[in-house]
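> let's see this in three dimensions:
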Amino acid sequence: MQRKAYGPGVAALLAAVLAGCTGSPDSGGQADDSNPGSAGTATQAAQPGRYATLPEPCGVVGDRTLEELLPGLTELTDQQQREKAYAGEATLTYDTDRKVGCRWKVESLAATDRLLVDLERVVSYDNAVSDDAQAEELFARRRTAAQLPVPTVTGSGSPSPTGSGASTGPAHPSGSAAASGSPSAPSATGSPSVAPSELQPRVLEDLGDEAFLDDALSSSGSTVQERTVTVAFRTSNVIVTIEYAEQPVTVGAVPDSKEMQDRARKLAAELSDSLGG
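Residues are numbered from 1 along each chain as shown. Now for the predicted structure:
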């Protein structure tokens, strides 16, 4: 009996099927024991950050801490004004899961004090980059923008932010000592004197995953000076920024750098503890 011949199209189809079944990894085919969904070929998503929400910002600072930072609170006699001053004012935000803040402003007989607390939850939309890594990159940019002095090694081998012959980072745009971020106070001759190195803008080692402090003295007009102390820290994927400013009423008075830094750092430590950082 005569065998039935296959047409050219059928023969080509059979060849393609056989090639797919017997192909090896070297020839581009898939081995019999390979699994497209195996762990070896799947891309593992980066871990999410520790925080999925943010606290209510105007409630994160206790009344006693507010009174230390804003002495004018205790001078208020009108009950309605007191309640409004303690409550603070929430900053404008379009996504309370990502960024919140609160500000307070209180005038006293000696000075006007202002406080801003800002909290930002960083989320990475890149599966290859974790929330923590994204937050770390953002915090590094902010630290660079603060233009902190570069620490130098002293004779004892310990870093010192400033000192004779110390190398410092780039100056602030104003170029003046009063607004450069370096705290200063009037000397006996009336000219500014450089504050001790422990009060200079610097990286902080004992707060959150990483932190820094900035201290700027600026002039409003020719006689009134305002000091702003900024403490920023990162805990996992949340960045907290505290801005604490004071402008004295008395002409020629200069806000005390150490006192303001101590208050701002105390608040930062309280917020870090409340976040579990």
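
> can we go C-alpha only for contacts and neighbour counts from here?
Will do.

> is Phe212 located within a strand, as I assumed?
Yes: using DSSP: H, G, I helix; E, B strand; the rest coil, the assignment for Phe212 is a strand.

> the closest residue to it other than its chain neighbours - how many residues pack around it?
Leaving aside its chain neighbours, Phe212 sits nearest to Val203 (4.1 Å; criterion: C-alpha to C-alpha, 6 or more residues apart in numbering). Residues within reach of Val203, counting by other C-alpha atoms under 10 Å, total 21.

> where do the strands sit along the chain?
Ranges of strands in the chain, per DSSP state E, are 89-90, 99-107, 111-121, 152-153, 159-160, 184-186, 192-194, 202-204, 210-220, 224-235, 238-248.

> residues contacting the residue nearest to Phe212?
148, 211-213 (C-alpha atoms under 8 Å, 6 or more residues apart in numbering).

> from those, which one has the minimum pLDDT?
Lowest pLDDT of those: Leu148, 87.

> would you mind measuring from that one to Thr96?
Distance, Leu148 to Thr96, using C-alpha to C-alpha, to the nearest Å: 30 Å.

> those two: who's more crowded?
Ranked by neighbour count (other C-alpha under 10 Å), Leu148 and Thr96 place Leu148 first, with 25 against 17.

> does the more buried one touch Pro201 like I think?
Yes: counting by C-alpha atoms under 8 Å, Leu148 does reach Pro201; the two are 5.7 Å apart.

> and for the two, which residues touch both?
Residues within reach of Leu148 and of Pro201 at once, by C-alpha under 8 Å, 6+ apart, are Asp214.

> picking up where we left off before, reformat the strands of the chain as JSON lines; add distance to Arg50.
Output for the strands of the chain, formatted as JSON lines (distance: least, C-alpha to C-alpha, whole Å):
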{"stretch": "strand 89-90", "distance to Arg50": "24"}
{"stretch": "strand 99-107", "distance to Arg50": "16"}
{"stretch": "strand 111-121", "distance to Arg50": "10"}
{"stretch": "strand 152-153", "distance to Arg50": "35"}
{"stretch": "strand 159-160", "distance to Arg50": "32"}
{"stretch": "strand 184-186", "distance to Arg50": "39"}
{"stretch": "strand 192-194", "distance to Arg50": "41"}
{"stretch": "strand 202-204", "distance to Arg50": "22"}
{"stretch": "strand 210-220", "distance to Arg50": "15"}
{"stretch": "strand 224-235", "distance to Arg50": "9"}
{"stretch": "strand 238-248", "distance to Arg50": "8"}
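
> now Arg227: closest residue in space that isn't a chain neighbour?
Nearest non-adjacent residue to Arg227, counting by C-alpha to C-alpha, 6+ apart: Leu217, 4.4 Å away.

> and if you look at Asp63?
When the adjacent residues along the chain are set aside, Asp63 lies closest to Tyr86, with 7.0 Å between them (C-alpha to C-alpha, 6+ apart).

> quick one on the thing from earlier: nearest to Pro71 among the contacts of Val203?
Pro71 lies nearest to Leu213 out of the contacts of Val203, by C-alpha to C-alpha, at 22.2 Å.

> what about the closest one, distance to Glu83?
30 Å.

> ok, back up a step: would you confirm that the residue nearest to Arg227 contacts Gln225?
Yes: the pair Leu217 / Gln225 is scored as a contact, 6.7 Å apart, by C-alpha under 8 Å.

> for the biggest helix by length in the chain, give the mean pLDDT please.
Taking DSSP state H as the assignment, the helix of the chain that covers the most residues is helix 257-275. Per-residue pLDDT over helix 257-275 has a mean of 95.

> follow-up on the earlier one: nearest to Val122 among the contacts of Val203?
Ala211 (16.0 Å).

> now that closest one: how far from Leu66?
Per C-alpha to C-alpha, Ala211 is found 22 Å from Leu66.

> these two: which has the busier surroundings?
Each of Ala211 and Leu66 has its neighbours counted (other C-alpha under 10 Å); Ala211 has more, 23 against 19.

> does that one really touch Glu205, like I thought?
Yes: using C-alpha under 8 Å, Ala211 is in contact with Glu205, at 6.8 Å.

> circling back: could you point out which of the strands of the chain sits nearest Cys58?
Closest to Cys58 of the strands of the chain is strand 99-107 (C-alpha to C-alpha; 5.2 Å).
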